[in-house]
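> how would this look folded up:
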Amino acid sequence: MSRSRAFLLKLVAPLCLSAVGLVACGDNSSSSNSNSASNSGTGTDVTSGSMTEPTVGSASMSASEATDGTAGISDSNSGVPTTSGMGISDSNSSDTMPPDDTTTGIGGGGCGDGILDPGEECDSGPNNGGGNECKLGCMLNFCGDTYIGPGEECDNGAENGDMNACKPDCKFAFCGDGKVGPGEGCDDGNQNNADACTNGCALATCGDGIISAQEQCDDGNQSNDDECTNNCTAAKCGDNFVQNSNGEQCDQGVNNSNTGDCTLACQPAVCGDGLLHNTGSGDEECDLGAGNGPGQQCNAQCQLNTCGDGDKSPTEQCDDGNNQGGDGCTSMCKLEECGNEVMDPGEQCDDGKNGDQDDGCTDACALPKCGDAIVQPSLDEQCDLGPGNNNAGACTLVCTAAKCGDGLIWQNHEECDDGVNNSNNGTCKADCTKQFCGDGFVGPGEACDDGNQNNNDACTNVCKMAKCGDGFIQPGEQCDNGGLNSNTGTCTTACLTPKCGDGFIQPSNNETCDDGLNNGDSKACLSTCIPAKCGDGKTWVGQEECDDGNNVNTDLCTNMCKAAECGDGITQPQAGETCDDGNVDNTDLCTVFCVPAKCGDGYKQPQNQEQCDDGNNVNDDACSNACKTPICGDNITQPGAPYNEQCDNGANNGNDKACNATCKKTTCGDGVKQTPNGNNQNEVCDDGNQVNTDACTNTCAKTTCGDGITQSPNGNGQAEECDDADQSNADQCNTQCKKTTCGDGVVQNDPSNGNGQVEMCDQGAQNGTQGSFCSATCQIKPA
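Alright, predicted model coming up:
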């Protein structure tokens with residue numbers, strides 16, 4: 001054979017394998033008596049899906065492996081099986097290459113002659129081999145070529161991997177290399193025995209005597225009577241073991257309850273301890289501790305102070321010593337209200353408690369509704385357990401009887417319920433049982449399901465096409481527990497490690513829900529795979545208005561996860577409320593704006609002794625600033641109709657005052673003397689008339705002599721005969737308001753005296769006497 005032909009054969013030999021017979025090409029010879037068609041040394045049985053450990057020294061490869069593209073080259077010098085994709089077996093025999101001195105031996109001008117020719121990476125002559133630096137094809141040995149070369153501990157070719165027996169650097173996997181290899185439960189790459197992975201590459205477990213990060217203690221024994229329980233938690237009250245050294249007298253574990261025989265403090269329940277012992281052997285109805293006793297809510301025997309005992313307890317509105325109604329106190333010790341056929345405050349209706357709970361008004365004086373523990377056919381209710389209604393129970397929150405197909409999971413009866421989406425090929429089957437691998441139905445996440453337990457057929461026991469579920473971890477798989485794969489176990493049917501958000505509920509991960517991509521802190525299933533609920537601090541969109549995660553009802557978010565609002569019956573100072581009576585009545589002590597009622601707010605509140613409230617600060621209108629209806633005498637002058645007051649001096653009103661008893665200004669001429677009157681005039685008298693000729697003038701002053709008006713008598717009791725309003729005695733009227741006469745000693749001749757007589761002289765008593773020049777008629781006597 002020529003050198004060029006031998007060289008060409010070298011280049012194409014790895015590519016010229018028959019898929020069935022593995023016959024080398026480059027020669028007309030078909031001899032292959034040394035080319036074995038089986039390889040038991042290494043590789044994967046693709047028909048069964050299993051993988052075997054490599055066996056050093058074998059040089060055979062099965063025909064079935066060859067059809068899968070695996071290698072079967074074996075170097076009998078090194079005893080190392082190979083899987084490079086070639087089907088040639090080299091045993092230094094003439095069957096490997098034609099007996100041409102140009103292709104074999106030393107100095108023949110081809111690969112193996114010890115001379116580096118063009119196209120060769122190396123040529124070590126007779127030392128060429130799969131386990132040496134230079135391989136038979138004059139190619140350099142490298143990690144991943146399936147030959148265990150110098151410096152390599154192993155080489156499984158494409159099977160090299162961090163999670164396989166031979167790693168990518170052709171070193172054997174070992175415990176502590178930080179990669180989980182075959183036979184290892186874990187590998188964290190450290191020598192710390194106190195973490196989740198021990199130094200023996202086993203998952204840390206309680207009882208192994210090593211305290212891991214998740215454990216409080218680990219004494220390596222199975223005794224619950226020491227300081228470390230079998231769960232590797234420090235002994236404490238509630239662990240179901242009585243530790244007298246801790247002062248415990250009892251311990252019922254998770255059954256400890258402040259209502260049971262053993263309290264949460266691990267002490268026996270007794271009447272008077274302030275805890276309600278009403279489960280187990282307990283028959284307490286109440287327990288207020290030191291507050292137990294007569295007249296209290298709870299008596300000394302821890303029984304409720306009952307209605308009808310004649311002793312009004314703090315929760316009773318009344319107690320007349322009987323259980324009869326109709327006497328002002330109901331048989332429930334409530335003031336009679338509901339049932340009196342009058343809709344009182346707080347009642348939604350009242351039909352006299354006629355016993356018909358479905359006539360529009362229940363005997364609780366409330367409108368029928370789902371959740372009132374009464375089945376109302378008129379509302380299309382099928383059931384009603386009141387507070388016991390639950391979408392996971394026998395009666396749903398919309399008062400329909402639970403059934404498979406209603407979209408709600410009936411606890412302890414159904415495993416699942418997707419409503420109209422129930423299907424034997426869905427997550428939830430038609431009988432409301434969860435789909436599972438092996439049930440004979442191809443459900444979500446399953447590639448197949450033949451309903452058997454045969455791993456050797458087309459569908460594995462984990463309902464995947466052969467490979468995932470065959471018990472071996474393959475690239476792309478996170479885990480593979482074979483037939484134990486389960487969407488609720490430690491490895492899913494997709495060979496993935498379970499996690500919150502994968503759409504499957506894994507109790508082992510403490511998940512109680514998992515809506516997959518629909519998980520979220522504003523949705524029904526939180527991002528931690530715990531169902532949303534009021535009080536968890538996460539606002540469930542569409543169900544909750546808010547959620548502040550506390551039990552404070554007086555902040556901006558109530559304990560029912562409703563946004564605080566005026567009228568909800570709870571006073572929320574942060575919302576600016578100073579009161580909230582939960583109604584829309586502006587006439588009580590708290591208005592609809594949640595501020596205390598007050599005079600001037602525009603609403604009449606009888607409880608505040610208001611007679612009116614016009615909402616303004618005008619004191620002289622129809623409602624005073626003290627919210628009183630105006631009356632004469634309230635010291636406020638209301639000039640408008642219908643009051644028409646001219647004045648109002650309150651207690652100082654009076655007919656003899658400036659303002660009379662009818663709130664009119666007093667005046668001169670009203671017949672009552674006022675000092676002063678309503679016109680600020682100080683009256684001396686008031687005879688109630690407009691006559692100036694009596695004792696009182698029209699200006700309420702006393703008439704007097706000299707005022708120009710003749711009064712008989714005048715204001716001084718003097719009977720006037722005349723009054724000319726001057727101080728002259730020489731006219732007809734003297735200064736004493738008497739008519740002047742002849743003989744009064746004063747001459748009146750302008751025009752005359754009071755009797756109409758013109759006097760020429762007047763010497764008084766001397767008139768007409770001897771020696772007087774004036775006659776008795778006041779005329780000058782003739783000479």
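
> So C138 is in contact with N127, correct?
No: counting by Cβ atoms under 8 Å, C138 sits too far from N127 to count as a contact (11.5 Å). For glycine as for every other residue, the C-beta is placed from the backbone atoms N, C-alpha and C.

> centroid residue for this structure?
D547 (2.3 Å; Cα atoms, centre = their mean).

> Skipping adjacent residues, who's closest to that one in space?
In space, and not counting its chain neighbours, D547 is closest to T539: 4.6 Å by Cβ to Cβ, 6 or more residues apart in numbering.

> May I ask which helix or strand encompasses that neighbour?
Following DSSP states H and E, there is no helix or strand that holds T539.

> That one: neighbour count?
19 (other Cβ atoms under 10 Å).

> So what's the predicted local confidence for it?
On pLDDT, T539 comes in at 93.

> between C138 and N127, which one's more packed in?
C138 (22 against 12).

> Could you report the separation of that one from G130?
Going from C138 to G130 by Cβ to Cβ, to the nearest Å gives 12 Å.

> circling back: next, the contact list for the residue nearest to the centre of the chain, please.
Listed by Cβ atoms under 8 Å, 6 or more residues apart in numbering, the contact set of D547 reads 534-540, 557, 561.

> was I right about C237 contacting Q267?
No: using Cβ under 8 Å, C237 is not in contact with Q267; the gap is 9.0 Å.

> Show me the common contact partners of the two, please.
E248.

> out of the contacts of D547, which one sits closest to A622?
A622 has its nearest neighbour among the contacts of D547 in C557, at 44.6 Å by Cβ to Cβ.

> Who does the closest one form a beta bridge with?
A563 (DSSP bridges).

> For T591, give me the pLDDT.
The model's pLDDT for T591 equals 88.

> For the closest residue in space to it that isn't next to it in sequence, give me its contacts.
Excluding the flanking residues, the one nearest T591 by Cβ to Cβ, 6+ apart is A597, at 5.6 Å. Listed by Cβ under 8 Å, 6+ apart, the contact set of A597 reads 586-591, 603, 605, 607-608.

> cool, and N550?
N550 neighbours (Cβ under 8 Å, 6+ apart): G535.

> what's the distance between it and L264?
From N550 to L264 the distance is 22 Å (Cβ to Cβ).

> got it, and G469?
For G469, the distance to L264 - Cβ to Cβ - is 47 Å.

> Measure how buried the closest residue to C612 other than its chain neighbours is and give me the count.
When the adjacent residues along the chain are set aside, C612 lies closest to C623, with 3.8 Å between them (Cβ to Cβ, 6+ apart). C623 has 23 neighbouring residues, counting by other Cβ under 10 Å.

> same check, this time on the one 4 residues further on
The criterion is other Cβ under 10 Å. On that basis, C627 has 21 neighbouring residues.

> hmm, back to that, got a list of what the residue nearest to C612 touches?
C623 neighbours (Cβ under 8 Å, 6+ apart): 611-614, 629-630.

> One more: G671?
Applying Cβ under 8 Å, 6+ apart, the residues near G671 are 686-688.

> what kind of secondary structure is it in?
coil (DSSP: H, G, I helix; E, B strand; the rest coil).

> residue ranges of the strands in the stretch 351-500 of the chain, please?
Listed from the start of the chain, the stretch 351-500 of the chain has no strands (DSSP state E, counting those that start in this stretch) to report.

> low-confidence ranges in it?
455-456 (pLDDT under 70).

> one more time with 80
454-461, 464-467, 472-475 (pLDDT under 80).

> Share the number of residues neighbouring K171, please.
K171 has 15 nearby residues by other Cβ under 10 Å.

> Can you say which of the contacts of C623 are buried?
Burial by neighbour count, 16 or more other Cβ atoms under 10 Å: within the contacts of C623 this picks out 613, 630.

> which two from the contacts of C623 end up farthest apart in space?
Maximum distance among these (Cβ to Cβ): 13.3 Å, for D613 and P630.

> which residues are in contact with stretch 239-251?
So stretch 239-251 is contacted by 224-225, 229, 231, 233, 235-238, 252-254, 261-262, 266-268 (Cβ under 8 Å, 6+ apart).

> do the same with stretch 640-657
620-622, 630, 632-639, 658-661, 663-666, 670, 672-674, 678.

> How about stretch 313-327?
295-297, 304-305, 307-312, 328-329, 331, 333-336, 339.

> among the residues you listed, which ones are buried?
Looks like the contacts of stretch 313-327 have 296-297, 305, 307-309, 312, 329, 333, 336, 339 buried, using 16+ other Cβ under 10 Å.

> out of these, who's nearest A494?
Q297 (59.4 Å).

> ok, now how distant is the closest one from T396?
In terms of Cβ to Cβ, Q297 sits 36 Å off from T396.

> repeat for T512
T512 is 19 Å from T396, by Cβ to Cβ.

> Settle it for me: which of the two has more neighbours?
Per other Cβ under 10 Å, whichever of T512 and T396 has more neighbours is T396, with 22 against 13.

> Surely that one is in contact with A402?
Yes: here T396 reaches A402: they are 6.1 Å apart, a contact under Cβ under 8 Å.

> residue boundaries of the strands in this protein?
Assignment of strands within the chain using DSSP state E yields the ranges 44-45, 50-51, 74-75, 80-81, 89-90.

> Find the least confident helix or strand in this structure, judged by mean pLDDT.
Lowest by mean pLDDT, DSSP states H and E among the helices and strands of the chain is helix 63-67, with a mean of 30.

> ok, back up a step: quick check: neighbours shared by T396 and A402?
Common neighbours of T396 and A402 (Cβ under 8 Å, 6+ apart) are L408.

> Let me have the buried ones among the contacts of stretch 313-327 in a markdown table, extended by pLDDT and distance to N692.
Output for the buried ones among the contacts of stretch 313-327, formatted as a markdown table (pLDDT from 0 to 100; distance: Cβ to Cβ, whole Å):
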| residue | pLDDT | distance to N692 |
| --- | --- | --- |
| Q296 | 89 | 87 |
| Q297 | 88 | 87 |
| N305 | 86 | 88 |
| C307 | 86 | 86 |
| G308 | 88 | 87 |
| D309 | 83 | 88 |
| K312 | 85 | 79 |
| C329 | 79 | 78 |
| C333 | 83 | 82 |
| E336 | 71 | 75 |
| G339 | 83 | 79 |
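
> need the contact list for E120.
111, 138-139 are the contacts of E120 under Cβ under 8 Å, 6+ apart.

> Out of the residues you listed, the closest to N412 would be?
Nearest member of those to N412, counting by Cβ to Cβ, is M139, at 68.2 Å.

> For the closest residue to that closest one other than its chain neighbours, grab the count of nearby residues.
Using Cβ to Cβ, 6+ apart and skipping residues adjacent in sequence, the residue nearest M139 is E121, 5.0 Å away. E121 has 13 neighbours, counted by other Cβ under 10 Å.
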